[in-house]
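[1] Quick one, what's the 3D model for this:
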Amino acid sequence: MLFCHGEKKSFSFLVRALKTFEKVSGLVANSEKTAVYCGSMDSTKKEETLGSYDFIMGDFPFKYLGIPLNAKYMLSSDFDSVVDKMLARITCWSSRNLSYAARATLINFVLMSLHLYWAQCILLPKGVMHRITQLCRSFLWDGAVVLGGAPPISWDWVCKPKKYGGIGVRDCSRWNKAALGKYVWKIAKKEDTLWVKWLHSIYLKDQDWWSYSPKKSDGWFWRELCAVKDELRQGFEIGNWISKNYKISDCYDWLQGPQEKTIANWLGIAERNFRLNVSWKHWKRQGMDMIHKRVYLAAFSACGYYIWFARNHAFWEKAFSFGGFCPITCHCSPCVLLVLVLLLGFLFSTGGLLSLSTLQGTAAGCLLHYSVMLFVYLMGCSLFLGSAGVDC
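    Okay, here's the model as predicted:
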């Protein structure tokens, strides 16, 4: 790509440089494959500048190395090719019976990778980011292009790392800003590249990069990059990223904010060491919705189960076999029947079937599922042991 001012004299110098290159190297610029793009020029000035040359007049936006370029602000419609690729992939996958884990893997490693190259070059419009997030959310929960109802978990929770209760899906908007932070780092380091030198000579002009404010007449990309710089400034100061190689992952983690293990906080358990016979009364008085109450009761029952299990293990290990998925396996058929009755009664009376189907594949759903199983075994085995005259 060659650039010049939008005037006849500057353009003639550019053509003269091409002819000089032709005489030296023997390579001729094909006028039929060479296009001229004019920004902020009226039709009269265009004809005056290009009238005597046989170059093709191109229109904005045009693609260069796969990225659309425009003299003005990029519209959401200019990025339809990325959205169309995602739609094609989801349409192909929607006919397959995929689990939540498989969908999350496809989102992270296939769908999100389709826009990574674009996100490292320009700041994508909010409308495009919203559309990408919408497609990923719909595919994760329904396996289709359109989401049939409200998602069971907010997208912010889905984008949290797995160790903090999320699914680990990448937040495309934050990742886009973290990727552009690479250019902020290059400008701050005054890297020895032609682009950075041009920016310092045209825009910055020996001004401090962190206190610089762009003019309203500056290009839209430069103004967007300065906005990203202002947003990431605190992260550069805290993380001291200037003194080391810039990593997108470090900036992305900082943009996500401090993470905490949230299952205990979500249940309202803030104490590390607590007395079970006192804390449960405090939890019971807390205002909780129905999902909170069910998960809390299941978790509380699981705690009771492990206390009971530790107390009676030494006395009852001969009556139970340990192994497989379940912690204990009762060999008495009346007890098994009682467990099944309790399980069905719990699910139908409390709406457990709805909760399990709604939260399936999530951290809360897994906790609810396994805790309910432990609760049922605890109740069934306790009743059986009580009827046998054993103190439990």
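
[2] what stretches of the protein score poorly on pLDDT?
    71, 260-288, 311, 313-392 (pLDDT under 70).

[3] now do 80
    Applying pLDDT under 80 to the chain flags the ranges 1, 5-8, 29-33, 39-43, 46-75, 95-96, 148, 163-165, 259-392.

[4] the strands in it, which residues?
    Assigned by DSSP state E, the strands in the chain fall at 35-36, 56-57, 62-64, 67-69, 320-321, 329-330.

[5] With distance to I132 and mean neighbour count added, can I get those in JSON lines?
    Every residue, glycine included, has its C-beta placed from N, CA and C. Below are the strands of the chain laid out as JSON lines (distance: least, Cβ to Cβ, whole Å; neighbours: other Cβ atoms under 10 Å):
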{"stretch": "strand 35-36", "distance to I132": "30", "mean neighbour count": "14"}
{"stretch": "strand 56-57", "distance to I132": "34", "mean neighbour count": "12"}
{"stretch": "strand 62-64", "distance to I132": "19", "mean neighbour count": "10"}
{"stretch": "strand 67-69", "distance to I132": "16", "mean neighbour count": "17"}
{"stretch": "strand 320-321", "distance to I132": "51", "mean neighbour count": "14"}
{"stretch": "strand 329-330", "distance to I132": "48", "mean neighbour count": "16"}
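
[6] would you turn those into CSV with distance to R233?
    Below are those laid out as CSV (distance: least, Cβ to Cβ, whole Å):
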stretch, distance to R233
strand 35-36, 39
strand 56-57, 42
strand 62-64, 30
strand 67-69, 26
strand 320-321, 61
strand 329-330, 60
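
[7] Next one: R89 relative to K163, how far apart?
    28 Å (Cβ to Cβ, to the nearest Å).

[8] which secondary structure elements does the longest helix along the chain contact?
    Among the segments of the chain that qualify as a helix by DSSP state H, the longest is helix 290-316. If you count contacts as 3 or more Cβ pairs under 8 Å, 6 or more residues apart in numbering; DSSP states H and E, helix 290-316 packs onto helix 262-267, helix 276-285, helix 352-359, helix 363-387.

[9] got the buried residues for it?
    291-292, 294-302, 304-305, 308-309, 312, 316 (16 or more other Cβ atoms under 10 Å).

[10] Quick one: neighbours of G6, just the number.
    Number of residues near G6 (other Cβ atoms under 10 Å) recorded here: 14.

[11] Let me know whether it touches C38 as I believe.
    Yes - if you go by Cβ atoms under 8 Å, G6 and C38 touch, sitting 6.1 Å apart.

[12] what's the overlap in contacts for the two?
    K45, T49 (Cβ atoms under 8 Å, 6 or more residues apart in numbering).

[13] okay, now Y164: neighbour count?
    16.

[14] what separates it from G39, distance-wise?
    46 Å.

[15] Specify which residue of R89 and K163 has the higher count of neighbours.
    R89 (16 against 9).

[16] need the contact list for that one.
    By Cβ under 8 Å, 6+ apart, R89 lies in contact with L106, V110, L111, L114.

[17] is it possible to export those residues to JSON lines including neighbour count and distance to S95?
    Converted to JSON lines, the contacts of R89 look like this (neighbours: other Cβ atoms under 10 Å; distance: Cβ to Cβ, whole Å):
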{"residue": "L106", "neighbour count": "18", "distance to S95": "14"}
{"residue": "V110", "neighbour count": "14", "distance to S95": "16"}
{"residue": "L111", "neighbour count": "23", "distance to S95": "17"}
{"residue": "L114", "neighbour count": "17", "distance to S95": "20"}
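
[18] Which of the residues you listed fall within helices?
    L106.

[19] who touches stretch 112-122?
    66-67, 74, 79, 82, 85-86, 89, 124, 132, 136, 169-170, 172, 175-176, 179-180, 182, 221, 224.

[20] distance between it and the chain's centre?
    Stretch 112-122 sits 13 Å away from the centroid of its parent chain (Cα atoms, centre = their mean, to the nearest Å).
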